[in-house]
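Peer 1: Can you look at this prediction? I've put the sequence above it.
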Amino acid sequence: MSECIFCKIVRGEIPCSRVYEDDKMLAFDDIQPMAPVHVIIIPKQHFSTLLDIDVKNINVAGDLIFAAQKVAKLKGIDEKGFRTVINCNAEGGQVVFHLHMHVLGGRKLHDELG
Ligand code: 5GP
Ligand code: ZN
């Protein structure tokens, strides 16, 4: 997906503040943080939305969860607590159409991303 912002981040064409990376996933600080910790986790493979996850690629869902655990530990918010959010399509608040999970924390959370 040559024009996708998050694919450009995966390819290094747009810089990011990297938090965690492995062969399948990349996590970086959100450019407009809604909380003291606000990290975006993406699969390196392009999926437009949550609806593109099916039985053939269900591992992506688990990989996102494992990456969220790692990010929470790296950011030191695992014990106090954090929130994960995946927005899907327009009314779900999705703006970037490359599947991603938000990890929010660092203070008591209210209605961020609502
Ligand atoms: P969505 O509303 O699609 O769930 O969330 C997209 C998120 O990506 C937003 O929180 C937005 O601030 C973040 N974002 C958009 N473009 C960039 C970018 O170029 N770099 C980074 N680090 N975050 C971005
Ligand atoms: Zn993409």
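Peer 2: Done, it's in. Numbering: from 1, shown residues only. Ligands and ions are numbered 1, 2, ... in the order given.

Peer 1: For the protein, which segments count as helices?
Peer 2: Secondary structure of the chain (DSSP state H): helices at 5-10, 59-75.

Peer 1: Compare these and give me the one nearest Val96.
Peer 2: Closest approach to Val96 among these is made by helix 5-10 (5.8 Å; Cβ to Cβ). Using the backbone N, CA and C atoms, a C-beta is placed for each residue, glycine as well.

Peer 1: Please name every helix or strand in contact with the closest one.
Peer 2: Other elements packing on helix 5-10 under the criterion 3 or more Cβ pairs under 8 Å, 6 or more residues apart in numbering; DSSP states H and E are strand 25-29, strand 37-43.

Peer 1: contacting residues for the residue positioned nearest the centre of the chain?
Peer 2: With distances taken as Cα atoms, centre = their mean, the residue of the chain nearest its centroid is Ile41 (2.5 Å). Listed by Cβ atoms under 8 Å, 6 or more residues apart in numbering, the contact set of Ile41 reads 20, 25-27, 64, 67-68, 71, 100-103.

Peer 1: which one of those residues has the most neighbours?
Peer 2: In terms of neighbour count, Val103 stands highest of the contacts of Ile41 at 27 neighbours, by other Cβ atoms under 10 Å.

Peer 1: Please verify my assumption that that residue contacts His38.
Peer 2: Yes: Val103 is within contact range of His38, at 7.4 Å (criterion: Cβ atoms under 8 Å).

Peer 1: Next up, the contacts around the closest residue to Asp52 other than its chain neighbours.
Peer 2: Counting by Cβ to Cβ, 6 or more residues apart in numbering, Asp52 lies nearest to Leu99, which is 6.8 Å off, once chain neighbours are set aside. Taking Cβ under 8 Å, 6+ apart, we find Leu99 in contact with 42-43, 47-50, 52-53, 60, 86.
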